[in-house]
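**Student:** how does the following fold in three dimensions:
(4 chains)
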There are 2 protein chains.
Amino acid sequence: MSRLEDKPDHKPLIAVIDHALRSLREDMVAVGRARGFSQLRLAHDALFATLSGSKGERSSDLAARAGITKQAMGEVVRELVDLGIVEMTPDPEDGRAKLVTYTKKGREFASRGFRHILDVEQSLIEIVGQDAFDTTVEVLGRVDEALAKVATHSPGE
Amino acid sequence: MSRLEDKPDHKPLIAVIDHALRSLREDMVAVGRARGFSQLRLAHDALFATLSGSKGERSSDLAARAGITKQAMGEVVRELVDLGIVEMTPDPEDGRAKLVTYTKKGREFASRGFRHILDVEQSLIEIVGQDAFDTTVEVLGRVDEALAKVATHSPGE
DNA sequence: TGATAAGGTAAGGTTACCTGACGATAATAG
DNA sequence: CTATTATCGTCAGGTAACCTTACCTTATCA
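**Tutor:** Now for the predicted structure:
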C-alpha cells in the first residue's frame, strides 16, 4: 500500500479553501496596485471590508469589526492616510477619538474594488451557476457548526 | 443612502472563505496540541499535507509541493524532528540529500490528524448533504478560472 | 577536471499581526 | 467638583510564517 493510513484520497476541503483564498487575496492586491497604488498591502483589506462609505468611524470600532487589534488597524489607517485613501478628523463628539473617512479618491478606489469583487463573483457564477455559488457560500458558512459537532462527538480522545 | 457605491450588500465570498479557513486551521492545531504536542504550529501543516507516509522524501521536494521555500520547510522539518514526529536520514542515493520520514509516533499522529479532517468533512456533509459538499469543492476549485476570466475581460482599465 | 547545478544551512528581512504600557480625554462616583 | 475608572489612539517591542541572499557541500556533465 502506498499511502498513510487514513490519509484522505481526495484533496481535503481545507487545502481547496486555502488555495482559493490565496488566489482571491492576491488578486485583490494586484488589482489595487494596477490602479496605481503600488504600496497597497493585503492587510489593507481589513479596512475596506469594514469602513462604511457614508459616515466616519473610529479606528477601534473598525478593528473590533475586523477582528484585529486597534494597534493593527491603527497602522493600516496610517498607511492608507499616506496613500490618500482615507483621512482622520477629530470626532466633534469625543475629544479622544478621531473619525476615519474615505477621501474622494479613496471612495472612488474602494468602489472600484467592490465592483471588482462583484465581477469576480459574477464570473464564478457564469462558470458554475448561481445555485452552486449560493450553495458554496452556505456550506462555508456552516463550517464552524461542523467543527463544533466534531468537538462534541469526541470530547477527550 | 447608507453605503458605498457598488459595495456588495451580501458578505462577499472572499470574507466567507477567509472565516472558514481560519476556523479549520485553528481547529487542526488545537486538535494536535490536545494530543500532547503542545509545540505544534500552524506552519507544520505544510509538512503533513505533503509528506508521503510510505517513502522518505527530500525537504526541498516537500517545499516545492507545499509552495514554500526550502528554508521555510527546513525549519518546519527541524521542529518536527525535535517533536519526534519525523526524522532525517541521509539519502543513500545522493550524498547531498537527506530523506524526511515519519517516525512510528509521527505516523500514528499524522493518521489521527487525517482522520480528524475526514471527521470534520463528514460532519459538514451530515449538515449540508453530500451534494452540497461536492459542489462546494467544485466551485472553490474553479476560482482561479473565474479570476482569469475577469482579468481577460478588463485588460488595462 | 573544472564548471555548473542541486541539497541543505545560516543570517537577516518582511508582512501581518500580537501584548503591554502610555498620555489624553471622558464618564461616573463620592 | 475632584478622584477614580474607563476609553481612544499611539508607542515600543514581540511573534509567526514566511521570504531573499549568501554560502558550503556534494553531484553531474562537458
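**Student:** in chain A, what residue lies closest to DNA strand C?
**Tutor:** Proximity of chain A to DNA strand C (CB to the nearest atom of the strand) peaks at A:Gly95, 2.3 Å away. Any C-beta I mention is one placed from the backbone N, CA and C, and that applies to glycine too.
**Student:** that residue: what secondary structure?
**Tutor:** strand (DSSP: H, G, I helix; E, B strand; the rest coil).
**Student:** state which helix of chain A is the longest.
**Tutor:** helix A:104-128 (DSSP state H).
**Student:** residues in contact with that one?
**Tutor:** Helix A:104-128 is contacted by residues A:24, A:27-28, A:31-32, A:35, A:37, A:48, A:51, A:53, A:80, A:84-86, A:102, A:133, A:136, B:4-8, B:12-14, B:135, B:138-139, B:142-143, B:145-147, B:149-150, B:153-154 when judged by CB atoms under 8 Å, 6 or more residues apart in numbering or on different chains.
**Student:** switch to 7 Å and redo it
**Tutor:** A:31-32, A:35, A:48, A:53, A:84-86, A:102, A:133, B:4-8, B:12-14, B:138-139, B:142-143, B:145-147, B:149-150 (CB atoms under 7 Å, 6 or more residues apart in numbering or on different chains).
**Student:** how about the strands in chain A?
**Tutor:** A:57-58, A:86-91, A:94-102 (DSSP state E).
**Student:** count of neighbours near the closest residue to A:Val31 other than its chain neighbours?
**Tutor:** The shortest distance from A:Val31 to any non-neighbouring residue, by CB to CB, 6 or more residues apart in numbering or on different chains, is to A:His116 (5.3 Å). When neighbours are defined as other CB atoms under 10 Å in any protein chain shown, A:His116 has 18 of them.
**Student:** now A:Asp144
**Tutor:** If you count neighbours by other CB under 10 Å, A:Asp144 ends up with 15.
**Student:** can you check A:Asp9 too?
**Tutor:** 5.
**Student:** per-residue pLDDT, A:Gly32?
**Tutor:** With respect to pLDDT, A:Gly32 scores 95.
**Student:** contacts only, for it.
**Tutor:** Contacts of A:Gly32 (CB under 7 Å, 6+ apart): A:Leu40, A:Gly113.
**Student:** mind doing that once more with 10 Å?
**Tutor:** Contacts for A:Gly32 (CB atoms under 10 Å, 6 or more residues apart in numbering or on different chains) come out as A:38-42, A:44-45, A:48, A:83, A:85, A:109-110, A:112-113, A:116.
**Student:** wait, A:Leu83 sits on A:Arg35?
**Tutor:** No: contact between A:Leu83 and A:Arg35 fails when scored by CB atoms under 10 Å: they sit 11.3 Å apart.
**Student:** least trustworthy helix or strand in chain A by mean pLDDT?
**Tutor:** Ranked by mean pLDDT, DSSP states H and E, the weakest helix or strand in chain A is helix A:143-153, scoring a mean of 90.
**Student:** helices or strands up against that one?
**Tutor:** helix A:13-34, helix B:13-34, helix B:104-128 (3 or more CB pairs under 10 Å, 6 or more residues apart in numbering or on different chains; DSSP states H and E).
**Student:** can you tell me if the second one touches DNA strand C.
**Tutor:** To tie it back to what came earlier, the one meant is helix B:13-34. No: against DNA strand C, helix B:13-34 shows no contacts by CB under 7 Å from any atom of the strand, the least distance being 9.7 Å.
**Student:** please identify the buried residues of that helix?
**Tutor:** For helix B:13-34, the neighbour count (16 or more other CB atoms under 10 Å in any protein chain shown) marks B:13-21, B:23-24, B:27-29, B:31-32 as buried.
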